[in-house]
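Q: Got a predicted structure here, sequence first:
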Amino acid sequence: MSKSWLNIIFYIGLGILFTHELDAMLNHEWRVLPITNWLSDENGKLVFLFLHIPIFSTIVALVASKNEKVMNGTRIGISIFLILHALLHILYMNAEGYEFNALSSNILIFGGAAFGALYLIVDFIKKI
């Protein structure tokens, strides 16, 4: 598989992650996260929203790095995160306040994990 296919797989996974975070706002994810669930609803929402600015800025900067090692390491890290993120959603599915019950939410959560896993598999095969 060519490097351009690997790029496409990665960017679809990343796009799914960013889109999931839009969905997370609709599903009040701050009510479930241990770092924000103790805050009032309005404060939790604001903290959740504004914490994504440095998080997304850092992700974009690392993915766009001209340093091949940094860029590749970031892609692997994000791909692993997509898988772990889905596992966390499985753990929190029965938590009070968990609202990610729609098919679209689950497609984003588990689709991201699938693309993360696919990226890792294809990257590994490409290296052997």
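A: Great, that's in hand. Residues are numbered from 1 along each chain as shown.

Q: helix, strand or coil for the residue nearest the centre of the chain?
A: Against the mean C-alpha coordinate of the chain, by CA atoms, centre = their mean, the closest residue is residue 17 at 3.7 Å. Each residue gets one of three states, and residue 17 gets helix by DSSP: H, G, I helix; E, B strand; the rest coil.

Q: Roughly how far does it sit from residue 111?
A: Using CB to CB, to the nearest Å, we find residue 17 at a distance of 10 Å from residue 111. C-betas here are computed from N, CA, C, even on glycine.

Q: Go ahead and confirm the residue nearest to the centre of the chain touches residue 83.
A: No. At 11.4 Å, residue 17 does not count as touching residue 83 under the criterion of CB atoms under 8 Å.

Q: ok, which stretches of this structure are helices?
A: Taking DSSP state H, the helices of the chain run over residues 3-26, 41-63, 68-92, 103-127.

Q: helices or strands next to the third one in the packing?
A: Same thing as helix 68-92. When contacts are defined as 3 or more CB pairs under 8 Å, 6 or more residues apart in numbering; DSSP states H and E, helix 68-92 packs onto helix 3-26, helix 41-63, helix 103-127.

Q: tell me which residues in the longest one are buried?
A: Going back to what we said before, that points to helix 103-127. For helix 103-127, the neighbour count (16 or more other CB atoms under 10 Å) marks 105, 108-120, 122-123 as buried.
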